[in-house]
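*Asks:* pasting a predicted model and its sequence here:
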Amino acid sequence: MDQLIPIASKLQDVLGAVGQNTQLDLPQIVVVGGQSSGKSSVLEGIVGRSFLPRGTGIVTRRPLVLQLYNTRSMGLSEDSEDSFENIVGDSEAEWGEFLHLPGQKFHNFGEIRKEIVRETDRLTGSNKGISKNPIQLKIFSPRVLALTLVDLPGMTKVPVGDQPDNIEEQIHEMLLHFISNPNAIILAVTAANTDVANSDALQLAKAADPYGNRTIGVLTKLDLMDPGTDASEVLNNQLIPLKRGYIGVVNRGQKDINADLSIREGLKKEEEFFRTHPIYSQRTLKPKCGTSTLAKALNTILMHHIRECLPEVKNRITSMMGDVQQEMEALGSPNLQSRSSLGGTLLGLLSKFATNFASIIDGKGGELNNGNSKNLALIELFGGARVNYIFTEIFATSLMTVGAFDGLTDDEIRTTITNANGTRRALFVPEISFDILVRRQIARLEQPGCQCVDLVYEELQRIAAQSEPKELTRFPVLKDRIVDVVSTLLKRCMSPTQMMVTNLVKIELAYINTSHPDFIGGSRAVANLMNREGHEEPRRPMEIATTPQSTSSNYYNADDEDGQETPYGENNGIMNFIFRGGKTPPPDRSRVQGGPPAVVHLPQVPDTMKQTDVPPTDRELTEMQVIKSLIESYFKVVRKNFIDMVPKTIMYFLVNHVKDAMQNELVSELYREAEIDTLMKEAEDVAQRRQTCTEMQDLLGKALEIVNETKQFAISVMKWSSESSADKKRIHFSRQRHV
């Protein structure tokens, strides 16, 4: 089963080479703990070498990503015994490599320690500063288990040196960043000679892993506990239960380090301590103690964790290979063709562009020049659907909000009616006033129609950009020329389209069709108004006749000998008779009756005459209502026709014409033998991009082989398990028969 983790380590290396190591989130064991809790000593015990910086206070000031490789599993050693029971002394079999120093091997682990210090000081300075940028280190040894660990700075509360005032918050955020990864296994290190209930590591792990599914507790400094005390209660998972339990270890003390005690001797000393201890040597606690036990437990957990993550890893690798393959197809093979072959390639690209343009407009998709084109149709409208959206949701909806009287006041309607009467008041509502006002309102539709043309024009430019074949990125000159030709074609079709939309308005203005079946007409307008008047409170029948007879001569009929009032005046028209009103009260002559004759002086005629100073009469109000009813009815008819005709005009003169003429236009303008070499010249960076894609394709292929190798290994293990189970069942059955 230990073969699975080296495979995952190789997979991580391959993906890291193509810059995808952060996306795959391969499982890691993250070590967290308080300052001076023994985190670094635990790591050194697992590795079997002393290579981490030592000192007082905060020593680990940058995350250290440590990958351990077992050289025997990689075929570099024939020994197959347990790595912690057979420690060889050949230092040449062990070495370290830093990611920031590629190709350089460190066989002296003291130099590894110095390089960690130098690389840390390079970013953080030498006065206790910290940084979240990790140091990548690989250790190759026959005496380690294949693990990936991350050592993090210890939690602290009081800033020292160049540390900022919020050092506690920064370290807390850094630790959470690493342990919040759901694929990370948390190694919470706590000193056994302190109260475990106050452990910062366990508290932080609980914040990121509240159910304890991926947290392992590690108790250090068991040998430093007060005499008569032990950590059996914690190791038995009774005090603060963790799903994966606790493991106790004994690291080298400061005295051992000063005496240059090797890791090998330290592991032997640890083994002797647990073997002779009266509590930890018991059968129930012995499997929970020792650095070798910790390493094996981590290896088993990580193995199962990696196996669970491999399906997702394979899916991502397959997706990445698909993207690289598409880019390779777009870049094509090196351009070493003859002129005739280049001409064929040019025709193919032009035809593909025109086909894509037509397909996108017609809703058939095409090859969108977009990195997310696979899911574009699922998340937003594109192509012809966007043009239809402009017609229905933007143009039509906006025009339906345009009112028949927007920008037209009642005073303007009243003035227009009065001007249309000329020198004498008409018997009926003057038709010329309706003609003037409705033409003015119809003319307002021209601007939104032209704006709709502009919107569709811009959308066609967008579709043209999406229609570019991926192979076109190889030929920047050809790409620019295609853009110019398409832009010229669109502009050439733009002018007649706008002219036709303008003509639609002029056509409506040329003839006001009062016989249109949807138009209300004058008689119906008057009838509707009379119906509304009938539902209102009726006037007094003889309200008009109650005016004194001495008011004004034009309130009397000249043929009436008795001088009685008539229902309508001499020039007030039939509208007064229908709606009982409209007479202007005569001037009050009481103040001049009985006085001497006076000379009447007329006032000066004003330069500008307006009716706004005098309230409208009943007759004027009635005429205004009739005119407004007619205008509203006819405006709705014209607006309905305009909403229907503008999209049809744009489709015929612009969209369909461009779509049908695209290929002929491209071929006639670009397919010229003298320009083929210039148009088909590749960009300078295409060769480099092609080489990069080839390398990435090879690396991803290797990664996929590694995943498949892991899959075959898992199948063989499952097969072996099933065969073993079947053998056990047969043995059990034979025993029962024998009995």
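*Replies:* Looks like it came in fine.

*Asks:* now residue 327, nearest residue through space, not along the chain?
*Replies:* Among residues not flanking residue 327 along the chain, residue 693 sits closest, at 5.4 Å (Cβ to Cβ, 6 or more residues apart in numbering). C-beta here means a position set from N, CA and C on the backbone, and glycine is covered the same way.

*Asks:* let me fix that: residue 267
*Replies:* What sits nearest to residue 267 in space, not counting adjacent residues and going by Cβ to Cβ, 6+ apart, is residue 291, at 6.2 Å.

*Asks:* check contacts around that neighbour.
*Replies:* Residue 291 makes contacts with 42, 45, 46, 84, 249, 267, 270, as judged by Cβ atoms under 8 Å, 6 or more residues apart in numbering.

*Asks:* if we use 10 Å, what do you get?
*Replies:* Residue 291 makes contact with 41-42, 44-46, 48, 84, 218, 247-251, 263, 266-267, 270-271, according to Cβ atoms under 10 Å, 6 or more residues apart in numbering.

*Asks:* roughly how far out does stretch 636-655 sit from the chain middle?
*Replies:* Offset of stretch 636-655 from its chain centre (Cα atoms, centre = their mean, to the nearest Å): 36 Å.

*Asks:* which parts of that stretch are buried?
*Replies:* Across stretch 636-655, burial judged by 16 or more other Cβ atoms under 10 Å covers 637-639, 641-643, 645-647, 649-651, 653-655.

*Asks:* could you do stretch 662-680 as well?
*Replies:* 662, 663, 665, 666, 667, 669, 670, 676, 679, 680.

*Asks:* can you tell me the element residue 419 falls in?
*Replies:* Residue 419 is part of helix 410-421 when elements are defined by DSSP states H and E.

*Asks:* what's that helix packed up against?
*Replies:* Secondary structure elements in contact with helix 410-421, counted by 3 or more Cβ pairs under 10 Å, 6 or more residues apart in numbering; DSSP states H and E, are helix 431-443, helix 618-650.

*Asks:* wait, which of those is closest to residue 356?
*Replies:* When these are compared for distance to residue 356 using Cβ to Cβ, the nearest one is helix 618-650, at 21.2 Å.

*Asks:* quick one, that closest one and helix 431-443 angle?
*Replies:* For helix 618-650 against helix 431-443, the angle by axes from the mean of the first three to the mean of the last three Cα atoms, to 10 degrees is 40 degrees.

*Asks:* output the next helix or strand after helix 618-650 as PDB - backbone C-alpha positions only.
*Replies:* Per DSSP H and E, helix 618-650 leads on to helix 656-670 as the next helix or strand towards the C-terminus. Output of helix 656-670 as PDB, limited to C-alpha atoms (Å, rounded to 0.1, in the frame of the first residue of the first chain):
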ATOM      1  CA  ASN A 656     -29.300  38.900 -43.500                       C
ATOM      2  CA  HIS A 657     -27.400  41.000 -46.100                       C
ATOM      3  CA  VAL A 658     -24.200  40.900 -44.100                       C
ATOM      4  CA  LYS A 659     -24.600  37.100 -43.300                       C
ATOM      5  CA  ASP A 660     -25.200  36.300 -47.000                       C
ATOM      6  CA  ALA A 661     -22.500  38.500 -48.400                       C
ATOM      7  CA  MET A 662     -19.800  37.700 -45.800                       C
ATOM      8  CA  GLN A 663     -18.000  34.900 -47.600                       C
ATOM      9  CA  ASN A 664     -18.000  36.500 -51.000                       C
ATOM     10  CA  GLU A 665     -16.800  39.700 -49.500                       C
ATOM     11  CA  LEU A 666     -13.900  38.000 -47.600                       C
ATOM     12  CA  VAL A 667     -12.800  36.000 -50.600                       C
ATOM     13  CA  SER A 668     -13.000  38.900 -53.000                       C
ATOM     14  CA  GLU A 669     -11.000  41.200 -50.700                       C
ATOM     15  CA  LEU A 670      -8.400  38.900 -49.300                       C
END
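
*Asks:* check which helices and strands helix 656-670 sits against.
*Replies:* Checked by 3+ Cβ pairs under 10 Å, 6+ apart, helix 656-670 has helix 339-362, helix 446-466, helix 476-510 packed alongside it.

*Asks:* one more time with 7 Å
*Replies:* When contacts are defined as 3 or more Cβ pairs under 7 Å, 6 or more residues apart in numbering; DSSP states H and E, helix 656-670 packs onto helix 339-362, helix 476-510.

*Asks:* can I get the ones you listed in CSV including distance to residue 102, mean pLDDT and mean neighbour count?
*Replies:* Listed next are the helices and strands packed on helix 656-670 as CSV, based on distance: least, Cβ to Cβ, whole Å; pLDDT from 0 to 100; neighbours: other Cβ atoms under 10 Å:
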stretch, distance to residue 102, mean pLDDT, mean neighbour count
helix 339-362, 40, 85, 18
helix 476-510, 34, 93, 17
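
*Asks:* residue 33 is nearest to which of those?
*Replies:* Among these, the nearest to residue 33 by Cβ to Cβ is helix 476-510 (56.1 Å).

*Asks:* now do the closest one against helix 446-466, angle only.
*Replies:* Relative orientation of helix 476-510 versus helix 446-466 (the same axes, to 10 degrees): 160 degrees.

*Asks:* now do residue 217 against residue 130, distance only.
*Replies:* Look at residue 217 and residue 130: by Cβ to Cβ, to the nearest Å, they are 25 Å apart.

*Asks:* go on, residue 123?
*Replies:* With Cβ to Cβ as the criterion, residue 123 and residue 130 are 9 Å apart.

*Asks:* neighbour-wise, which of those two wins?
*Replies:* For residue 123 versus residue 130, the count of surrounding residues by other Cβ atoms under 10 Å is larger for residue 130: 22 against 14.

*Asks:* secondary structure class for that one?
*Replies:* Counting by DSSP: H, G, I helix; E, B strand; the rest coil, the backbone at residue 130 sits in coil.

*Asks:* I'd like the next helix or strand past the worst-scoring helix or strand of the chain on mean pLDDT.
*Replies:* Counting by mean pLDDT, DSSP states H and E, the chain has its least confident helix or strand at helix 21-24, which shows a mean of 41. Sequence-wise, the next helix or strand downstream of helix 21-24 (DSSP H and E) is strand 28-33.

*Asks:* and that next one, what other elements does it pack with?
*Replies:* Against strand 28-33 (3+ Cβ pairs under 7 Å, 6+ apart) you get helix 39-47, strand 148-151, helix 167-179, strand 184-191, helix 200-208.

*Asks:* just tell me which of the ones you listed ends up closest to residue 441.
*Replies:* Of all the helices and strands packed on strand 28-33, helix 167-179 comes closest under Cβ to Cβ, at 64.3 Å.

*Asks:* between the closest one and strand 28-33, how many degrees?
*Replies:* 160 degrees.

*Asks:* report the angle between helix 167-179 and strand 184-191.
*Replies:* Using the same axes, to 10 degrees, helix 167-179 lies at 140 degrees relative to strand 184-191.

*Asks:* what is the helix or strand containing residue 398 packed up against?
*Replies:* Element membership for residue 398, per DSSP H and E: helix 397-400. Taking 3+ Cβ pairs under 7 Å, 6+ apart as contact, the helices and strands that helix 397-400 lies on are helix 618-650.

*Asks:* doesn't residue 156 make contact with residue 167?
*Replies:* Yes - in this structure residue 167 lies within contact range of residue 156 using Cβ atoms under 7 Å: 6.3 Å.

*Asks:* between those two, which one's more packed in?
*Replies:* The residue with more neighbours, out of residue 167 and residue 156, is residue 167; 22 against 19, by other Cβ under 10 Å.
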